[in-house]
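Chemist: could you work out the structure for the sequence below:
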Amino acid sequence: MVFSSISFIYLFLPVFLIVYYKVPEKFKNHILCFGSLAFYIIGSIERPLHILVFIICLIVNWRVGIKIQKTKKSKRGLDLFWLAAGVAANLLNLFYFKYMSFIWGELGGGELNIVLPIGISFYTFQAISYIADVYRGSCHPAASLIDFVAYLAMFPQLIAGPIVTYPTVEEALYSNKTERVRFVSGAEIFILGLGSKVLLANQIGGLWRQCVGIGFESITVPMAWMSIFAYSFQLYFDFCGYSLMAIGLGRMLGFEFPENFRDPYMAVSMTDFWRRWHMSLGSWFREYVYFPLGGSKRGFSRTILNLLTVWMLTGIWHGAGYNFILWGFVLFVLIALERLGLKDFFETHRFIGHLYMLFAIPLTWALFVNTDFSNLKLFFQRLVGLGDTVAVFTEDYIKYGKQYGILLLACLFFSTDLPRRLKKRIHGSPAYYLAMLVIFCGVAYCLYKGMDDPFLYFQF
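Modeler: Purely as a prediction, here's the structure:
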């Protein structure tokens, strides 16, 4: 069950909200706890092992947090032991499900066919942040298992983020959550996220699928560029759309989740881009990896090593494959070069910076999406007009340009900061609410027609 589905919008969500708003305040965490577990169980009903693993993860991390708090004053360093044990348990769980099949296959052991539990990368990182924050004294352990499950399993952000740390929602867990103004603004954000996912990401994704279906060896140079721009837009509106829906749902329930995207395609450097893209993941790596390693306070060489560590881990976090390692390394190289002065140059000469990112963004996404190196090589050859083959249909870009041209322009417009400015200007006016109605009706029509796709980030 996904947010952009008829069963969620017209069944699960209304029933959950009615119950959530009707029960007394002291029972809201109970409803959030069991409702979120039900949401996860429905999504994993064909994989009982995944449900069991998730429940064990919830119980173990709650108990580890309590153990850390109880042993904090111990001179034997038991709190550090429990922290290390908790982090190790979480990482081993993630390693087995996400990387064991790949590593075993590379070692010649054959295919293990281990299915990745939904949301495991996200709830693992949140669990690690929770026990780390308890260890550092940034928060107290959750008062009960119900409260902890309400946090870690909270269905709006459970499957694909944003990554929410416990201190950011701790106060809201124990305070009045049902203020009407939050519900209305949350519903607006949810609708905007729905529109981003269903009306933009799902539709423009068809162009990339057409390109893959045709085969990279059979497309022209313009078609190759059109397709990778299409994938760039699909990935952005898919993930940004999910994040908006999660933030909107969180606000409807009385929680403020962190912003996850801030017009990333308006960036003038790769450093700037990753301060705007998947911001909660970047914040997690800074807070729990980069700064503990010393950040930029131990000299230039150590800073570069810390950056390399963060970006290699970022690549590995996204998936088990050599392309993700290469993708993370390329991002490290670009960001390291920008630290040597390129970032200042791009920020001073913003037109050049935007031109640089116009090519850098889709080219890095090409590394990200092509898991097979032979396909990756072939695709890059098509981008520059090299290779032994010629396009079967030399005017493919004209055909698909006519089919997707307006949608590409719409995606370009909505990936700028202009829609956000317009929203601020007309917010609360009849035109604004009419736009909300049009978006929702458009989404309803697409869902009725079966025009929906799974979220891309579910695979991570």
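Chemist: in the helix-or-strand element of the chain with minimal mean pLDDT, what's buried?
Modeler: Here the helix or strand of the chain ranked lowest by mean pLDDT, DSSP states H and E is helix 180-195, holding a mean of 90. Within helix 180-195, the residues scored as buried using 16 or more other CB atoms under 10 Å are 182-183, 186-195. No exception for glycine: its C-beta is placed from N, CA and C like everyone else's.
Chemist: so P141: helix, strand or coil?
Modeler: Three-state call for P141 (DSSP: H, G, I helix; E, B strand; the rest coil): coil.
Chemist: hang on, I meant I66
Modeler: helix.
Chemist: how close does it sit to V53?
Modeler: With the distance defined as CB to CB, to the nearest Å, I66 ends up 21 Å from V53.
Chemist: number of nearby residues for the closest residue to I325 other than its chain neighbours?
Modeler: Of all residues not flanking I325 in the chain, G315 sits nearest, at 5.2 Å (CB to CB, 6 or more residues apart in numbering). Applying other CB atoms under 10 Å, we find 23 residues neighbouring G315.
Chemist: show me where the stretch 201-350 of the chain dips below the pLDDT cut-off.
Modeler: Across the stretch 201-350 of the chain, nothing is flagged by pLDDT under 70.
Chemist: the helices in it, which residues?
Modeler: Along the stretch 201-350 of the chain, counting by DSSP state H, counting those that start in this stretch, helices occupy 202-214, 221-252, 270-273, 279-285, 300-318, 322-337, 343-348, 350-369.
Chemist: possible to save those helices as TSV with distance to I146?
Modeler: Formatted as TSV, these follow (distance: least, CB to CB, whole Å):
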stretch	distance to I146
helix 202-214	36
helix 221-252	18
helix 270-273	40
helix 279-285	25
helix 300-318	30
helix 322-337	37
helix 343-348	46
helix 350-369	39
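Chemist: to F380, which of those helices lies closest?
Modeler: helix 350-369 (6.9 Å; CB to CB).
Chemist: now the closest one: buried residues?
Modeler: 353, 356-357, 360-362, 364-369.
Chemist: and the helices of the stretch 201-350 of the chain, which is most packed in?
Modeler: With neighbours defined as mean count of other CB atoms under 10 Å, the helices of the stretch 201-350 of the chain peak in mean count at helix 221-252, which reaches a mean of 24.
Chemist: for it, packing partners?
Modeler: helix 155-158, helix 180-195, helix 202-214, helix 350-369, helix 373-384, helix 396-414 (3 or more CB pairs under 8 Å, 6 or more residues apart in numbering; DSSP states H and E).
Chemist: and A246, which of these is closest to it?
Modeler: Of all the helices and strands packed on helix 221-252, it is helix 155-158 that lies closest to A246, at 4.5 Å by CB to CB.
Chemist: mean confidence (pLDDT) on the closest one, please.
Modeler: Averaging pLDDT along helix 155-158 yields 92.
Chemist: average pLDDT for the very next helix or strand once past that helix?
Modeler: With elements assigned by DSSP states H and E, the helix or strand that comes after helix 155-158 is helix 166-173. For helix 166-173, the mean per-residue pLDDT is 92.
Chemist: just want the angle from helix 166-173 to helix 221-252.
Modeler: 40 degrees (axes from the mean of the first three to the mean of the last three CA atoms, to 10 degrees).
Chemist: who touches helix 166-173?
Modeler: Residues from elsewhere that reach helix 166-173 (CB atoms under 8 Å, 6 or more residues apart in numbering): 29, 126, 129-130, 133, 138-140, 142, 147, 150-151, 154, 254-258.
Chemist: just the buried residues from those, in PyMOL please.
Modeler: For anyone working in PyMOL, the buried entries among the contacts of helix 166-173, judged by 16+ other CB under 10 Å, can be selected with:
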select buried, resi 29+126+129+130+133+139+142+147+150+151+154+254+255+257+258
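Chemist: so which of the contacts of helix 166-173 belong to strands?
Modeler: Among the contacts of helix 166-173, no residue falls in strands (DSSP state E).
Chemist: where does L13 land in three-state SS?
Modeler: Put simply, L13 is helix when judged by three-state DSSP.
Chemist: what about it, distance to M436?
Modeler: With CB to CB as the criterion, L13 and M436 are 17 Å apart.
Chemist: neighbour count for the two, which is higher?
Modeler: L13 (18 against 15).
Chemist: per-residue confidence for that one?
Modeler: 95.
Chemist: turn the buried residues of helix 180-195 into TSV, columns for distance to I325.
Modeler: Below are these laid out as TSV (distance: CB to CB, whole Å):
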residue	distance to I325
R182	42
F183	44
G186	38
A187	41
E188	40
I189	35
F190	36
I191	38
L192	35
G193	31
L194	34
G195	35
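Chemist: what residues go with each domain of the protein?
Modeler: 6-176, 182-459 (automatic domain parsing).
Chemist: how far does the first one sit from its chain's centre?
Modeler: The chain centre lies 16 Å from the centre of domain 6-176; the measure is CA atoms, centre = their mean, to the nearest Å.
Chemist: use 9 as the first number from now on
Modeler: With 9 as the first residue, the last one maps to domain 14-184.
Chemist: end-to-end on it?
Modeler: 30 Å (CA to CA, to the nearest Å).
Chemist: what's the spacing between G203 and G436?
Modeler: On the measure of CB to CB, G203 and G436 end up 19 Å apart.
Chemist: same question, E114
Modeler: According to CB to CB, E114 stands 56 Å off from G436.
Chemist: and what of S137?
Modeler: With CB to CB as the criterion, S137 and G436 are 36 Å apart.
Chemist: restricting to C-alpha, output the one helix or strand M444 maps to in CSV.
Modeler: Here M444 is covered by helix 438-456, with elements defined by DSSP H and E. Extracted as CSV, the C-alpha positions of helix 438-456 are listed here (Å, rounded to 0.1, in the frame of the first residue of the first chain):
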residue,chain,number,x,y,z
PRO,A,438,-9.9,31.2,-4.3
ALA,A,439,-7.4,30.5,-7.1
TYR,A,440,-5.2,28.6,-4.7
TYR,A,441,-7.9,26.3,-3.5
LEU,A,442,-9.1,25.8,-7.1
ALA,A,443,-5.6,24.7,-8.0
MET,A,444,-5.7,22.2,-5.1
LEU,A,445,-9.0,20.8,-6.3
VAL,A,446,-7.7,20.5,-9.9
ILE,A,447,-4.6,18.7,-8.7
PHE,A,448,-6.6,16.3,-6.5
CYS,A,449,-9.1,15.6,-9.3
GLY,A,450,-6.3,15.0,-11.8
VAL,A,451,-4.7,12.5,-9.4
ALA,A,452,-8.0,10.7,-8.7
TYR,A,453,-8.5,10.3,-12.5
CYS,A,454,-5.0,8.9,-13.0
LEU,A,455,-5.4,6.5,-10.1
TYR,A,456,-8.9,5.4,-11.5
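Chemist: pull the residues that contact that helix.
Modeler: 12-14, 17, 196, 199-200, 202-203, 206-207, 210, 431, 434, 460.
Chemist: what's the closest of those residues to G329?
Modeler: Closest approach between those and G329, by CB to CB: N210, at 24.6 Å.
Chemist: what sits against the closest one?
Modeler: The contact partners of N210, taken as CB under 8 Å, 6+ apart, are 246, 454, 459-461.
Chemist: highest neighbour count among the residues you listed?
Modeler: D246 (26 neighbours).
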